[in-house]
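A.B. asks: Provide a 3D model corresponding to the input given below.
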Amino acid sequence: MCPRKRKPPVTPPAANPDGWAGFTRRAFIKTWSAGTLTLAVGHNAMSSETAQPDETLAADEPVQLTLDVNGRPHAVLVEPRWTLLHVLREELGLTAAKSGCERGECGACTVLIDDLPRYACLTLALEAEGRRIETAEGLMDGGQLGQVQASFMKEDGLQCGYCTPGQIMAAEGLLRQNPEPTFDEIRRGMSGNLCRCGAYASIFSAVADAATHRKG
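C.D. replies: Model prediction:
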């Protein structure tokens with residue numbers, strides 16, 4: 001008969017000066033810190049779920065505003081997403097500003113806002129409240145053409161005419177800032193407006209003619 005094997009004696013764990021056997025003071029602190037962090041994260045998550053979101057306007061929620069266009073106030077009800085171009089054409093019936101590329105590349109929609117040329121297709125109607133807006137219709141005095149308009153007619157600065165209102169407003173804005181531009185300054189000032197017919201030479205001559213008449 002084989003002798004029965006005896007199990008080795010179990011050695012008791014050594015005394016732990018930081019705490020009881022199997023759980024040190026350091027481990028306790030780590031566990032407690034982790035639990036506190038979990039509670040804090042959970043509380044913040046619950047707070048974010050119950051917090052009220054910021055009040056924002058829906059894209060199709062009408063807003064009442066007053067636009068100063070060509071020296072006259074216009075009370076209109078607009079949607080926040082509507083551009084100034086849309087409001088001018090569809091709500092106020094001012095169709096001189098044309099809808100071209102609708103991404104700020106052709107300049108057919110150019111208007112003046114506080115005497116500066118701006119693309120109406122890239123300007124929200126809400127942005128224009130409280131500012132002076134001018135379109136090509138506003139340059140006329142009754143049935144009399146404004147000077148820039150008359151110069152465009154004189155110098156034949158158009159062919160199809162689709163871009164002409166935007167060209168006229170860009171020229172008007174240029175001459176208000178620089179009444180005596182050089183030829184290079186005219187070219188740079190009009191560079192944001194495209195003419196698909198290629199009537200640039202006549203357009204530049206029209207701007208120079210308008211500057212001469214205003215000076216005289």
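
A.B. asks: C-terminal to the lowest-mean-pLDDT helix or strand in the chain, what's the next element?
C.D. replies: Lowest mean confidence among the helices and strands of the chain (mean pLDDT, DSSP states H and E): helix 25-50, at a mean of 50. Using DSSP states H and E, the helix or strand that follows helix 25-50 in sequence is strand 63-69.

A.B. asks: partners of that following strand, with directions?
C.D. replies: Within its sheet, strand 63-69 is paired with strand 72-78 (antiparallel), strand 132-134 (parallel), according to DSSP bridges.

A.B. asks: got the buried residues for the first one?
C.D. replies: Right, the one you point to is strand 72-78. 74, 76, 78 (16 or more other Cβ atoms under 10 Å). Any C-beta I mention is one placed from the backbone N, CA and C, and that applies to glycine too.

A.B. asks: next one: the first one from residue 119, what distance?
C.D. replies: With the distance defined as Cβ to Cβ, to the nearest Å, residue 74 ends up 20 Å from residue 119.

A.B. asks: ok, the second one next?
C.D. replies: When distances are taken as Cβ to Cβ, residue 76 and residue 119 turn out to be 20 Å apart.

A.B. asks: one more: residue 190?
C.D. replies: Taken as Cβ to Cβ, the span from residue 190 to residue 119 is 14 Å.

A.B. asks: now swap in residue 111 and tell me
C.D. replies: 8 Å.
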